[in-house]
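> Prediction below, plus the sequence it came from.
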Amino acid sequence: MTKDDVKNLKNEDMNFADKIYIFDTTLRDGEQTPGVALTVDEKIQIAQKLNNLGVDKIEVGFPASSKGEIESAKKIASLGLDSTLAGLARSLNSDIDAIIDADLDYVHTFIGTSPLHREFKLKMSQEKIIETAVNAVGYAKDHGLTVEFSAEDATRTEKDFLLNIFGEVIDAGVDVLDVPDTVGVLTPVYTHELVSYLKKEFDVPLSVHFHNDFGLATANTLTALECGANQAHVTVNGLGERTGNCSLEELVITLKVAYGIDLGLDTSRLYSLSKLVGRLTGVKMPVNKPIVGDNAFAHESGIHVHGILNNSFTYEPMAPELVGHSRRIVLGKHTGANALKSKLKEYHIDLNQDQFCKVFDEIKNLGDSGKCVTDDDLVAIAVTELSSARETPIVLKGLGLSSGTGVSPTATVKLEIDGVEKETASTGVGPVDAALNAIRELIQDTMDIELEEYNLEAITGGTDALAEVFVISSDSYGNKSTGRSTNQDIVMASILAVLDSINKLLLIQKNNNY
């Protein structure tokens, strides 16, 4: 199957522009994400990535807001990037001067137009707002700038006033009109109505800047493009004020895969770009984030994996390589035999039917217990099975603990070693230490061990949380083995994990004829 076999949603009723421009505002609106602040060097890294991706325009910041913003814009401008660089400015001559000082030649200027903005923020009449907008556009054009004008809160502005102010700034020489859905109240149906109407009224290129308050930013942007909008404002990972903006990766890939519209971007860079922005901003993506989330191409269900292994399009709308991602087969309670066979083949592990069934059952049991089975877990389980690890020369037969104020914790441990039961009691700085000291004493005639690593993690919350213990032990021959156990009792989990690693070491010694 090829991409040509995927249903193309584009039809004759749609009015896509011949050229669609991507205006990325990660460095401006994306940085307005609560808690995000980027350094100059970090902005440069992102700008270079966006440029290499091939976006048409990059909004590098709001120069009038600080000297640092002017400095970062200048440094980015000095890089000689192919993307057009823009800066945000209020409809003020001083803001436009800051754009010029920042060595930018594209200004994105705005003023609020809705009744709410006019009355409560600007305290200006419609006439004054138009005059201010027209003067700003004229001033910018007089200074040789390309001008994009945004009617802030356009989607809550009266239609007549929106038409009026757009007409006036066009007469003043504006190059691009932008329609911001400032608080994300649009729906696709109203987007279709509004954008179609504006495209009939004006010949100037139309841009859209949609927020995601109702989770519809990407859907609304796609609808606007279907109706002839020439440009879309986006951010990497959908970052931005409140719930963010239209997602760059979602929009670009939907256009390419669902509509067959290739914007000429190197989409294989999207995943690495997403990861970089997530790391620099500190805003990590949910695992189920479309296109770039860790689970975007992850499969666990046996039915799904079986289909994927035969033809990836059965349960994927596109190949992960298209966005620079990779497919991942996850093991757990829903794992099927085909998925497990595929994983074992990936690690070049050959099991006979009996061994395979035992590993498969253990994976299922771990999944039923709520554990996410990693590849490392699978390899450890399979290698243990290959080494006849079901043989357990040392078995825990009993455990007793005692402690109190002013008394050293004491553990009484009973082990069965090669069929012979042995019991002893030891003290330690805590009950776990005391139990491990007792184990060392009981097995000293069998082997010497060192506990090289001990990790304890509470898997769930609350006082009844499951404890997962992972250990690495070594013997006097330099062999190392891991041990793992999960139990509501921390001491019991620790003992079982250590015994697991000890039994593996004994098997290694046996296989090597020590």
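Looks like it came in fine. Numbering: from 1, shown residues only.
> Please count neighbours and contacts with C-alpha atoms only from this point.
Fine.
> Tell me which residues of stretch 31-41 come out buried.
Neighbour-count burial for stretch 31-41, counted by 16 or more other CA atoms under 10 Å, picks out 31-33, 37-38.
> hmm, who's touching it?
Contact partners of stretch 31-41, identified using CA atoms under 8 Å, 6 or more residues apart in numbering, comprise 68, 71-72, 239-242, 244, 280-282.
> for stretch 276-295, same thing?
Stretch 276-295 is contacted from outside by 31, 36-38, 42, 46, 236-237, 249-250, 253, 270-271, 274, 296, 323, 325, 328, using CA under 8 Å, 6+ apart.
> ok, now with 6 Å
With contact meaning CA atoms under 6 Å, 6 or more residues apart in numbering, stretch 276-295 is reached by 36, 271, 296.
> With respect to pLDDT, which of those residues ranks lowest?
Note: of the contacts of stretch 276-295, the lowest pLDDT belongs to Ala296, at 82.
> For Phe120, see how far away it is.
Distance of Ala296 to Phe120, given as CA to CA, to the nearest Å: 43 Å.
> and if you look at Glu316?
Using CA to CA, Glu316 is found at 49 Å from Phe120.
> Neighbour count: the two, which is higher?
Using other CA atoms under 10 Å, the more surrounded residue of Glu316 and Phe120 is Glu316, with 17 against 9.
> In three-state terms, label that one for me.
Using DSSP: H, G, I helix; E, B strand; the rest coil, the structure places Glu316 in coil.
> what sits against it?
Glu316 sits next to no residue when contact means CA under 6 Å, 6+ apart.
> start to end distance for stretch 230-246?
15 Å.
> which residues are contacting that stretch?
Stretch 230-246 is contacted by residues 17, 20-26, 29-30, 32-33, 205-213, 217-218, 247-248 when judged by CA under 6 Å, 6+ apart.
> just stretch 425-439 next, same as before
With CA under 6 Å, 6+ apart, stretch 425-439 has contacts from 409-412, 491.
> Next, the buried residues of it.
By 16+ other CA under 10 Å, the buried positions in stretch 425-439 come out as 425-428, 431-439.
> can you tell me the average pLDDT over the host helix or strand of Glu148?
Using DSSP states H and E, Glu148 sits within strand 146-152. If you average the pLDDT over strand 146-152, you get 98.
> angle of the next helix or strand after that strand against strand 146-152?
Using DSSP H and E, the helix or strand that directly follows strand 146-152 along the chain is helix 159-171. On the basis of axes from the mean of the first three to the mean of the last three CA atoms, to 10 degrees, helix 159-171 is oriented at 170 degrees to strand 146-152.
> Show me how far helix 159-171 is from its chain's centre.
40 Å (CA atoms, centre = their mean, to the nearest Å).
> what are the C-alpha coordinates of that helix, in PDB please?
Extracted C-alpha coordinates of helix 159-171, given in PDB (Å, rounded to 0.1, in the frame of the first residue of the first chain):
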ATOM      1  CA  LYS A 159     -19.200  42.000  11.000                       C
ATOM      2  CA  ASP A 160     -19.800  45.600   9.700                       C
ATOM      3  CA  PHE A 161     -17.100  47.000  11.800                       C
ATOM      4  CA  LEU A 162     -14.700  44.200  10.900                       C
ATOM      5  CA  LEU A 163     -15.300  44.900   7.200                       C
ATOM      6  CA  ASN A 164     -14.900  48.600   7.800                       C
ATOM      7  CA  ILE A 165     -11.500  48.500   9.500                       C
ATOM      8  CA  PHE A 166     -10.200  45.900   7.100                       C
ATOM      9  CA  GLY A 167     -11.200  48.100   4.200                       C
ATOM     10  CA  GLU A 168      -9.500  51.100   5.700                       C
ATOM     11  CA  VAL A 169      -6.200  49.300   6.300                       C
ATOM     12  CA  ILE A 170      -6.200  47.900   2.800                       C
ATOM     13  CA  ASP A 171      -6.500  51.500   1.500                       C
END
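> Name every strand pairing with the next helix or strand after that helix and say which way it goes.
Sequence-wise, the next helix or strand downstream of helix 159-171 (DSSP H and E) is strand 176-181. According to DSSP bridges, strand 176-181 has the following sheet partners: strand 146-152 (parallel), strand 206-210 (parallel).
> chain center to the strand holding Glu148, what's the gap?
31 Å.
> what do you get for stretch 256-269?
Centroid displacement of stretch 256-269 relative to its chain, using CA atoms, centre = their mean, is 20 Å.
> What distance separates the opening and closing residues of it?
Terminal residues of stretch 256-269 lie 15 Å apart, using CA to CA.
> now do stretch 475-485
End-to-end span of stretch 475-485 (CA to CA): 20 Å.
> residues in contact with His108?
So His108 contacts 87-88, 148-149 (CA under 6 Å, 6+ apart).
> pretty sure Ala298 is touching Arg328, no?
Yes. Taking contacts as CA atoms under 6 Å, Ala298 lies within contact range of Arg328: 4.5 Å.
> Which parts of the stretch 201-350 of the chain are helices?
217-226, 248-257, 270-281, 302-310, 337-346 (DSSP state H, counting those that start in this stretch).
> can you tell which of those is closest to Thr446?
Of all these, it is helix 337-346 that lies closest to Thr446, at 33.5 Å by CA to CA.
> so what does that closest one touch, helix or strand wise?
Contact here means 3 or more CA pairs under 6 Å, 6 or more residues apart in numbering; DSSP states H and E; on that basis helix 337-346 packs against no helix or strand.
> what's downstream of it, the next helix or strand?
helix 353-368.
> Okay, buried residues for that next one please.
Across helix 353-368, burial judged by 16+ other CA under 10 Å covers 356, 359-360, 362-364, 366-367.
> average pLDDT across that helix?
Average pLDDT, helix 353-368: 82.
> Figure out how far it is from the centre of its chain.
Taking mean C-alpha positions (CA atoms, centre = their mean), helix 353-368 and its chain are 31 Å apart.
> And stretch 328-343, by the same measure?
That offset, for stretch 328-343, works out to 23 Å (CA atoms, centre = their mean).
> Mind checking the pLDDT average for it?
Per-residue scores along stretch 328-343 average to 76.
> Restricting the selection to alpha carbons, write the longest helix seen in the chain to PDB.
Assignment by DSSP state H gives helix 490-511 as the longest helix of the chain. Once non-C-alpha atoms are left out, helix 490-511 reads as follows in PDB (Å, rounded to 0.1, in the frame of the first residue of the first chain):
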ATOM      1  CA  ILE A 490       8.900  -3.100  50.900                       C
ATOM      2  CA  VAL A 491      11.000  -5.600  52.800                       C
ATOM      3  CA  MET A 492       9.400  -8.600  51.000                       C
ATOM      4  CA  ALA A 493       9.900  -6.900  47.600                       C
ATOM      5  CA  SER A 494      13.600  -6.300  48.500                       C
ATOM      6  CA  ILE A 495      14.200  -9.800  49.600                       C
ATOM      7  CA  LEU A 496      12.600 -11.400  46.500                       C
ATOM      8  CA  ALA A 497      14.500  -9.000  44.200                       C
ATOM      9  CA  VAL A 498      17.800 -10.000  45.800                       C
ATOM     10  CA  LEU A 499      17.000 -13.700  45.700                       C
ATOM     11  CA  ASP A 500      16.000 -13.300  42.000                       C
ATOM     12  CA  SER A 501      19.400 -11.800  41.200                       C
ATOM     13  CA  ILE A 502      21.200 -14.400  43.300                       C
ATOM     14  CA  ASN A 503      19.500 -17.300  41.600                       C
ATOM     15  CA  LYS A 504      20.500 -15.800  38.200                       C
ATOM     16  CA  LEU A 505      24.100 -15.600  39.400                       C
ATOM     17  CA  LEU A 506      24.000 -19.300  40.400                       C
ATOM     18  CA  LEU A 507      22.700 -20.200  37.000                       C
ATOM     19  CA  ILE A 508      25.500 -18.200  35.300                       C
ATOM     20  CA  GLN A 509      28.000 -19.900  37.500                       C
ATOM     21  CA  LYS A 510      26.500 -23.300  36.700                       C
ATOM     22  CA  ASN A 511      26.500 -22.600  32.900                       C
END
